[in-house]
Every structure is written in C-alpha cells, then in structure tokens.
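K.L.:
dropping the sequence and predicted coords here.
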Amino acid sequence: MQFESLNIIEPILKAVKEEGYTIPTPIQAESIPIILRGTDLIGSAQTGTGKTAAFAIPILQLLSENKVYDRKRKIRSLIVTPTRELAIQIGESFNAYGRHTGLTNTVIFGGVNQNPQTNTLLRGVDIVIATPGRLLDLINQGFMNLRDVEILVLDEADRMLDMGFIHDVKRIIALVPKKRQSLFFSATMPAEIVKLAATILHNPSRVSVTPVSSTVEIINQYVYFVDKGNKPSLLVNILRDENIKTALVFTRTKHGADKVVKILLKNNIAAEAIHGNKAQNARQRALNNFKAQTTRVLVATDIAARGIDVDDLEYVINFEMSNIAETYVHRIGRTGRAGAKGTAYSFCDAEEKEFLRDVEKLINKRIPVIDNHPFPLMDHNPVKEKKQQGRGNSGHQAPRPVAAANTRRWAGRSNTSR
C-alpha cells in the first residue's frame with residue numbers, strides 16, 4: 001500500500017514524499033482512513049511504529065479541507081502529551097508534514113520562559129501541542145482558550161496516568177467543546193485507559209497494531225546475571241567495545257541515572273543524563289549531543305525517555321530491570337526502529353529475577369543469558385528471597401550452565417511451554 005491510496009491531499013502527500021516515506025506503517029494505514037472519516041479512535045501500537053504520523057497527517061488534512069477564514073487563527077486541534085521531549089518531537093512532525101498546508105502549530109511545555117510561547121499564542125495558531133501543566137497554567141492566565149478545538153488528541157495516555165496527570169487531563173477535557181473528534185494514542189492500553197476512554201470518546205473505533213507483548217523480532221535480546229554492586233563495572237566492561245558507538249542506558253531513578261553518568265565519566269566514557277530534574281535546555285542539549293554522537297552514552301529514566309527518537313540507535317542497556325514488564329518493551333523499542341538492527345542488554349541481580357520472569361511471560365520468549373563475563377552473579381539468595389523461603393516459598397534457584405556456549409538459558413526457569 002502506498003500513501004497515495006489513503007486519499008491524502010497533494011500538499012501533505014508532497015511533504016510525506018520529501019521526508020522519504022512512500023509506504024505507511026500498519027498503524028498509519030489503519031488509523032488515517034478512520035480519522036479522515038471524523039470517527040473517534042483508540043489507537044495502540046508499539047513504540048517506533050509511526051503513531052505520530054498516524055494522527056498528524058489526517059489532522060492536517062481535516063483542518064486544511066475545512067479552513068476557517070478569521071483574521072486571527074484559533075486553536076482548532078490540541079495534542080496533549082506527557083513530556084517536553086515528546087511534545088517537541090510531535091511539533092517537528094507537524095512542521096514536516098504540514099509545511100505546504102499553510103497551517104501553523106506551536107509547542108507548549110514548562111521549565112522554560114513562557115514569553116515566546118504566549119507571544120505565539122497571541123498571534124494565533126491552528127494546532128497546539130502541549131504538556132498538561134503548562135497548558136492549564138497559560139489557560140488560567142488568560143493567554144489561550146480551547147473553545148474552538150475540533151480535534152483532541154491524548155498521546156501516550158498510559159504514561160500520563162503513570163505521571164499523575166489524570167486530574168489535569170479531566171480538567172482539559174472539560175474545557176474543550178463536547179462536539180469534537182477525540183483520539184487516544186498510546187503504546188499500551190491498560191484497563192484504566194480503556195475505562196477513561198469510554199467516558200470521553202463517542203463510539204470509537206479501535207486499532208491495535210503490534211501488541212505490547214510482541215517485541216520487535218529484529219532486536220537481539222540478552223540478559224546478564226550480576227550482583228547489584230557489580231553492575232557499574234559490568235557496564236564499563238561492555239562499553240570498552242568500540243563497536244558500540246552509542247548506547248541508551250536505562251535506570252529506574254533520577255539519582256541512579258546521575259550516579260551512572262559519574263561512573264562513566266570517571267572511566268573516560270562520554271555520558272550525560274536525561275531526567276525530570278534536568279532543566280529543559282540541559283535535556284535538549286544532552287539529546288542533541290547524543291544524536292550527534294558527541295555524547296556516546298545517554299542515561300535516562302523511563303519517563304524522560306518518552307520522545308527520544310534517535311535514528312540508527314543500535315544498543316539499549318537496562319542497567320536496572322523495570323518492575324513493570326511493559327516498560328521493558330518501551331525501552332528496547334528505542335532500538336531496532338524502522339527495520340534497523342538493534343541489541344538490548346539487561347542487567348539482572350538476584351532481586352530482579354521476578355521482574356525478568358514477568359518480562360518473559362509478557363513477550364512469550366525466553367531471553368538468552370550471557371554468562372562468560374567477569375562479574376557473574378554470586379549472591380543468589382539476598383535477604384528478600386530468604387524471607388520468602390522462610391514463609392514456605394521455594395525461592396529462586398541459582399542459575400547454572402546447561403550448555404557450553406557463550407549464551408545459555410537460565411536453568412532455574414520453568415520449562416513449561418508458553
């Protein structure tokens with residue numbers, strides 16, 4: 001299927017071709033016709049599958065075909081997203097696909113001086129991409145209103161719930177017209193999101209492409225069993241490989257990200273951290289340096305990583321296993337994008353084995369173990385596991401080699417087929 005077959009208008013089709021795209025991704029091919037019909041939509045697709053274009057292209061077309069001739073432009077479409085990085089990325093997409101339409105957009109987020117944003121709003125704009133906090137702040141100050149919004153998009157709705165934006169989202173929804181088109185896009189659609197969508201969307205269509213449980217097959221996934229205290233040494237050891245030009249490293253906490261960066265810098269490995277405590281200009285500078293490969297390693301928390309879209313990123317390293325299995329899919333989805341090759345390494349200490357089991361259950365796949373490294377797991381039974389055994393639980397079995405190879409399966413796992 002070509003983009004031409006989706007009945008996209010010539011100005012947008014021209015821009016899409018200029019961006020080098022000819023064939024829509026599955027989420028785009030299914031969502032664009034539905035949105036162009038004016039139908040509400042719940043769309044879910046794995047990270048890196050083209051969700052932004054799936055709503056940006058039809059929004060630009062609908063607004064172009066129904067032009068409003070006013071002396072001052074009014075906000076006709078609002079896209080709400082949880083992070084500044086993601087808002088900037090979405091804004092760039094609207095600029096790219098809408099360059100020949102004459103439509104204007106602006107990005108609104110906190111952590112920076114609001115004057116440039118308010119000046120743009122006062123001049124008038126067709127499309128606003130915003131994070132919830134700054135959006136409500138500028139509305140309360142009287143710099144903008146949402147009474148002319150025709151199309152509302154909630155992007156990464158699951159993450160907005162995780163970040164505690166649910167009340168802000170409800171306030172925003174109360175400010176837009178009841179007669180509107182509403183679109184929900186997210187990489188995952190937990191029950192809470194579906195329940196919220198049911199109260200906001202009207203007879204929505206549902207599009208689900210590449211469910212969260214199916215990680216990109218082209219990504220090579222491996223796990224290292226290592227004691228918690230040896231994780232920094234293992235990371236440095238892996239990064240001694242000069243073939244790893246860049247790597248995105250994930251930690252669970254902001255403090256952990258900063259700590260990893262300090263260790264890498266002490267070992268002469270160029271690294272920067274990106275997380276919520278960093279100023280916006282520092283976060284954007286770190287991301288730009290990483291894209292330009294002047295920074296070799298970017299250490300990120302899960303929330304800050306939403307919106308990180310780096311071409312040809314081959315390596316993702318989970319310095320700490322996430323306690324949410326779906327997050328693993330988001331993390332490794334930063335590599336292997338658009339058919340490119342990718343490798344994901346995960347460091348798993350004894351207390352994180354349960355998280356690994358959750359991941360493997362979700363993706364329906366056993367992740368090969370690399371055991372020929374200098375920092376093998378020695379403490380197989382930390383205090384947490386001993387307590388479980390004391391309550392009558394069997395606990396975790398220690399990993400043992402079952403084959404002479406560079407990688408093996410963890411023998412302590414259940415052999416039950418999935």
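P.N.:
Happy to help now that I have it. Numbering: from 1, shown residues only.

K.L.:
give the contact list for residue 136.
P.N.:
With contacts defined as CB atoms under 8 Å, 6 or more residues apart in numbering, residue 136 is in contact with 168, 171, 172. Quick note: C-beta positions are derived from backbone N, CA and C, even for glycine.

K.L.:
any idea how far residue 156 lies from residue 59?
P.N.:
Residue 156 sits 17 Å away from residue 59, going by CB to CB, to the nearest Å.

K.L.:
and for residue 6?
P.N.:
14 Å.

K.L.:
again, but for residue 102
P.N.:
Taking CB to CB, one finds residue 102 at 14 Å from residue 59.

K.L.:
out of these two, which sits in the busier spot?
P.N.:
Ranked by neighbour count (other CB atoms under 10 Å), residue 102 and residue 59 place residue 59 first, with 26 against 11.

K.L.:
can you name every helix or strand that the host helix or strand of that one contacts?
P.N.:
Secondary structure assigned from DSSP states H and E places residue 59 in helix 51-65. Helix 51-65 sits against helix 10-18, helix 26-36, strand 41-45, strand 77-80, helix 84-97, strand 151-155, strand 181-186, with contacts defined as 3 or more CB pairs under 8 Å, 6 or more residues apart in numbering; DSSP states H and E.

K.L.:
now tabulate those in a markdown table and tack on mean pLDDT.
P.N.:
Listed next are those as a markdown table, based on pLDDT from 0 to 100:
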| stretch | mean pLDDT |
| --- | --- |
| helix 10-18 | 93 |
| helix 26-36 | 93 |
| strand 41-45 | 85 |
| strand 77-80 | 97 |
| helix 84-97 | 90 |
| strand 151-155 | 95 |
| strand 181-186 | 90 |
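
K.L.:
just put these in JSON lines and tack on distance to residue 276 and mean neighbour count.
P.N.:
Output for these, formatted as JSON lines (distance: least, CB to CB, whole Å; neighbours: other CB atoms under 10 Å):
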{"stretch": "helix 10-18", "distance to residue 276": "33", "mean neighbour count": "16"}
{"stretch": "helix 26-36", "distance to residue 276": "28", "mean neighbour count": "21"}
{"stretch": "strand 41-45", "distance to residue 276": "25", "mean neighbour count": "24"}
{"stretch": "strand 77-80", "distance to residue 276": "18", "mean neighbour count": "26"}
{"stretch": "helix 84-97", "distance to residue 276": "9", "mean neighbour count": "22"}
{"stretch": "strand 151-155", "distance to residue 276": "18", "mean neighbour count": "24"}
{"stretch": "strand 181-186", "distance to residue 276": "20", "mean neighbour count": "23"}
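
K.L.:
tell me which of these sits nearest to residue 271.
P.N.:
Nearest to residue 271, of all the helices and strands packed on helix 51-65, is helix 84-97, at 17.9 Å by CB to CB.

K.L.:
which strands and helices sit next to whichever helix or strand comes after the closest one?
P.N.:
Next in sequence after helix 84-97, counting helices and strands by DSSP H and E, comes strand 105-108. Packed against strand 105-108 by the contact rule (3+ CB pairs under 8 Å, 6+ apart) you find helix 84-97, helix 115-123, strand 127-130, helix 132-140.
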